[in-house]
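Undergrad: Predicted model, plus sequence, below.
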Amino acid sequence: MNVQTINDIFFNVVQRDLPRIMLHKKNAEWVPISSRELYRNVVGVARVLRSWGIAKGDRVAILSENRPEWAVADFASMLLGAAVVPIYPTLTADQTLYLLNDSGARVIFVSTPVQLEKVLSIRDHTALEHIVLMEDGASESAAPMRDLMAKGPTERDPDFDRQALAVAPCDLATIMYTSGTTGTPKGAMLTQGNLASNLFHSLDFYGLGPSHLSISFLPLSHITSRHVDYAMFWHGVTIAYCPIIDELKQVLAEVHPTVLVGVPRVYEKLHNQVIEKIGNGSKRKLYEWAIKVGRKNRYATFDGKRPRDPRWMLADLLVYSKIRKSLGGRVQVFVSGGAPLNRDLIDWYGSIGIRIFEGYGMTETSPVIALNNPKAYRPGSVGRCLSNLQVRIADDGEILVKGPSVFQGYWNKALETATAFEGGWFHTGDIGHIDEDGFLYVTDRKKDLIKTSGGKFIAPQPIELSLKSNPLVAEAAVIGDRRKFPMVIIAPQFSALERWAMEAGVSAPHRESLVADERVQALYKEIVGEANQKLARFEKIKKVLVVPDEFTVANGALTPTLKLKRRVIEERYGDLIDRVYSAPVDSAAA
């Protein structure tokens with residue numbers, strides 16, 4: 001079956017007639033959902049939407065954590081030709097209001113009473129006509145989704161199927177709002193054909209099928225997670241839903257996935273959890289020996305082979321296998337996207353027998369532009385570009401893209417749309433290069449480059465990634481635009497720092513006094529000093545500000561996809577930054 005629309009994917013799932021296409025947790029048990037149940041639920045919701053007057057071109061919003069009902073609402077809307085508007089559940093009421101008004105959504109699906117209250121607080125200022133509540137519970141303000149799904153047929157409905165399959169590749173499928181690292185969110189318009197053409201080429205050579213299982217834990221409001229789930233549906237892979245990312249470790253142990261797709265921050269956290277668990281003493285010595293052996297054998301892993309070095313096999317028995325077991329024990333395919341993955345982290349995973357397939361894409365490109373795969377893999381790169389895309393590097397190093405998965409423009413933003421293209425080429429805003437074998441490397445964001453007062457350009461992301469590879473660093477933000485030199489703001493990994501402080505005899509009643517302690521300050525200066533050894537003189541970090549805070553989505557320091565909001569952080573710590581820059585520079589740092 002050729003996939004031209006997302007609706008084709010839905011009917012492919014139905015045609016497979018699998019006994020288990022989804023898993024969700026209910027009363028501490030993982031409950032399966034079959035292809036037939038999915039069809040009944042989706043068509044039931046679609047019929048009600050149609051009775052409300054929802055038709056081709058209308059917008060339907062989804063405000064929810066990852067759960068089966070998210071996919072049901074998504075498929076039901078698109079079967080009618082409506083455009084889905086995903087909204088991150090972590091957004092405030094005002095941010096949600098902006099997206100609802102900008103998109104003109106007529107219906108919204110919400111996951112919980114908490115999300116319902118958020119929408120009710122702004123409803124009078126929107127065009128919303130109906131609200132659907134996913135969780136069970138009575139509400140005079142929302143229709144229960146369970147009742148809508150129950151209206152679906154127990155057998156196939158030929159007339160409904162025929163109308164749904166008439167939705168064309170050129171029809172608008174979704175408006176995906178960018179996460180807003182640089183300002184007001186923009187709604188990228190993606191057609192059915194944009195999405196379908198991308199997923200049809202993105203997972204070539206992976207050999208996925210109904211015997212595989214994937215966890216849906218990255219927010220479905222983001223294009224990467226949504227694309228992955230569509231691809232899993234297309235290949236018949238079972239999807240287990242994890243609504244709360246903090247529960248990922250537990251879900252890994254319970255469902256034992258064979259496919260794991262994450263952003264770099266997920267892989268960083270998994271790595272840091274391993275380091276924290278090891279601690280010191282004999283375990284630490286064994287671990288350090290094993291990693292040293294693993295690093296010498298990592299290229300065998302990168303080649304897709306099991307290292308044959310007897311020392312590696314022993315280390316695997318004693319150390320690596322236990323680490324892999326903490327990741328579920330069965331994962332065959334590890335994929336990373338959304339942001340660059342630190343090369344040291346790639347090497348660490350390679351050392352323990354895990355090959356991470358790093359990829360690259362954007363909301364505006366549906367999203368995949370390039371991706372490593374089992375047949376073509378090069379660590380440090382984001383893989384070769386998809387076969388149906390044209391990619392070239394502009395004179396200033398910017399990555400330009402042209403092809404069937406490139407979006408139609410920004411919703412209600414003609415000027416921004418016009419400036420995003422030049423001669424039919426979409427400007428990604430990312431800097432990179434392509435090697436002689438066709439592998440793409442992404443080095444930084446064009447707009448994220450820091451220009452010092454001396455005219456030197458500094459790429460902050462590689463420096464930040466290097467610092468975050470240390471278990472004591474949760475987040476790092478390099479600052480220095482129009483300044484004489486760069487500095488860094490560090491948010492500690494407090495669980496690791498507090499353990500270090502206890503062992504070092506540092507007593508502090510609260511985090512403010514902990515980060516202010518001279519020994520803690522010296523510790524982080526040493527960490528930065530190690531990172532400086534790999535940097536050019538003009539890139540070296542000369543000042544360090546350790547803050548007693550965590551950078552989170554909730555406090556606005558990170559986007560919902562865990563990317564750093566540098567502008568927000570600079571504004572938040574503006575006075576402290578000015579104070580740090582006004583102080584003399586240590587001669588050693590200079």
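TA: Sure thing, it's come through. Residues are numbered from 1 along each chain as shown.

Undergrad: tell me the secondary structure for residue 249?
TA: helix (DSSP: H, G, I helix; E, B strand; the rest coil).

Undergrad: Could you check how far it is from residue 228?
TA: 19 Å (C-beta to C-beta, to the nearest Å). Yep, even glycine has a C-beta here, placed from its N, CA and C like the rest.

Undergrad: In terms of packing, which of these two has more residues around it?
TA: Neighbour comparison, residue 249 and residue 228: the larger count goes to residue 228, with 28 against 15 (by other C-beta atoms under 10 Å).

Undergrad: I'd assumed residue 260 was in contact with the more buried one.
TA: No: contact criterion C-beta atoms under 8 Å: residue 228 and residue 260 do not qualify, at 10.2 Å.

Undergrad: got any residues that touch both of those two?
TA: Shared contacts of residue 228 and residue 260, defined by C-beta atoms under 8 Å, 6 or more residues apart in numbering, are found at 214, 335.

Undergrad: residue contacts, residue 457?
TA: 449, 450, 451.

Undergrad: hang on, I meant residue 460
TA: Residue 460 touches 444, 448, 449, 450, 477, 478, 480, 486, 566, counting by C-beta under 8 Å, 6+ apart.

Undergrad: The protein - how does it break down into domains?
TA: Listed domain ranges for the chain are 6-167, 450-582 (source: automatic domain parsing).

Undergrad: per-residue pLDDT, the spatially closest residue to residue 251 that is not a sequence neighbour?
TA: Nearest residue to residue 251, sequence neighbours excluded (C-beta to C-beta, 6 or more residues apart in numbering): residue 242, at 4.6 Å. On pLDDT, residue 242 comes in at 97.

Undergrad: just the one 3 residues further on next, same as before
TA: As summarised for this prediction, residue 245 has a pLDDT of 89.

Undergrad: and it, how many neighbours does it have?
TA: The burial count for residue 245: 19, using other C-beta under 10 Å.

Undergrad: Just give the nearest non-adjacent residue to it, would you?
TA: Nearest to residue 245 is residue 217, by C-beta to C-beta, 6+ apart, at 5.4 Å.

Undergrad: Equivalent analysis for residue 228, please.
TA: residue 261 (4.9 Å).

Undergrad: do the same with residue 512
TA: residue 548 (4.6 Å).

Undergrad: In three-state terms, how would the one you found be classified?
TA: coil.

Undergrad: so it touches residue 509, yeah?
TA: No: assessed by C-beta under 8 Å, residue 548 is found out of contact with residue 509, at 11.9 Å.

Undergrad: Looking at these two, which one has more neighbours?
TA: Neighbours around residue 548 and residue 509, counted as other C-beta under 10 Å, are more numerous at residue 548. The numbers are 15 against 7.

Undergrad: mind listing what that one touches?
TA: 510, 511, 512, 514, 515.

Undergrad: hmm, which of these are the buried ones?
TA: Neighbour counting with 16 or more other C-beta atoms under 10 Å marks 511, 514, 515 as buried within the contacts of residue 548.

Undergrad: Out of the residues you listed, which is nearest to residue 432?
TA: Nearest to residue 432 among those: residue 515, at 35.7 Å, using C-beta to C-beta.

Undergrad: how about the nearest residue to that closest one, chain neighbours excluded?
TA: Per C-beta to C-beta, 6+ apart, closest to residue 515 is residue 546, 4.5 Å.

Undergrad: Alright, calling it a day.
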